[in-house]
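> What follows is a predicted structure for the sequence shown.
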Amino acid sequence: MGKLKNEYKSFLDDIEKNIKNPQDLEYIKTRFASFLDVILDQMDYIMDYKKEQIEKLENTQKELDDKMGKMQQVIDNIEKDIYTDGEFDFEIVCPYCNYEFFIDVDENKTEITCPECQNVIELDWTGDVDEDTHNCNGSCGGCHGCDEEDDDM
């Protein structure tokens with residue numbers, strides 16, 4: 001604003017020097033002052049509008065930062081669920097009572113006792129489902145194929 005004041009004073013000095021009629025000089029000063037007031041009012045309006053827009057942007061940015069923080073927490077929790085430090089939970093469904101429970105993965109463990117019915121469940125960490133079923137004792141009630149003869153022969 002300092003530069004604007006200097007220009008205004010320079011303008012007034014210039015017209016006082018070049019306009020000799022006092023009535024014309026006063027008219028020009030008054031008219032220019034009212035014109036300048038309109039310009040300054042418009043500048044104030046623009047500055048207020050811009051300030052309001054910046055505040056809206058800052059508030060929106062804050063809301064977005066908050067949302068991003070919440071999303072990051074969700075992502076971190078998902079990451080913890082997926083990538084734990086080598087300790088994975090493994091879901092077991094008891095073949096005897098259908099009780100569902102979780103155990104830590106331990107490939108050295110070959111059997112687990114169901115906490116509900118206390119039956120021993122054999123664990124196979126290889127994932128081979130089609131393994132030899134000839135050792136089936138027929139008590140699982142699931143496949144009904146162990147004690148049935150194969151009619152294809």
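Sure thing, it's come through.
> For the rest of this, base every contact and every neighbour count on C-alpha atoms.
Noted.
> shaky segments in this protein?
Applying pLDDT under 70 to the chain picks out residues 1, 83-88, 127-153.
> Which residue ranges make up each domain of it?
2-82, 89-122 (automatic domain parsing).
> Please list the outside residues in contact with the helix or strand K3 falls within.
Per DSSP states H and E, K3 falls inside helix 2-18. Residues from elsewhere that reach helix 2-18, judged by CA atoms under 8 Å, 6 or more residues apart in numbering: L25, K29.
> Present the domains of the chain as TSV; the columns should include mean neighbour count.
Below are those laid out as TSV (neighbours: other CA atoms under 10 Å):
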stretch	mean neighbour count
domain 2-82	12
domain 89-122	13
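> and L123, what does it touch?
Per CA under 8 Å, 6+ apart, neighbours of L123: K109, T110, E111, I112.
> what sits opposite the third one in the beta ladder?
For E111, the beta-bridge assignment (DSSP bridges) gives partners E122.
> measure it to D66 for me?
As judged by CA to CA, to the nearest Å, E111 and D66 stand 47 Å apart.
> likewise the last one?
In this structure, I112 and D66 are 45 Å apart, going by CA to CA.
> And L4, by the same measure?
42 Å.
> Also P22?
In terms of CA to CA, P22 sits 65 Å off from D66.
> and the angle for the longest helix belonging to the chain with helix 2-18?
Ordering each helix of the chain by length in residues (DSSP state H) puts helix 22-82 first. Counting by axes from the mean of the first three to the mean of the last three CA atoms, to 10 degrees, helix 22-82 lies at 170 degrees to helix 2-18.
> I'd say C117 and E100 touch.
No. Between C117 and E100 there is no contact under CA atoms under 8 Å: 11.3 Å.
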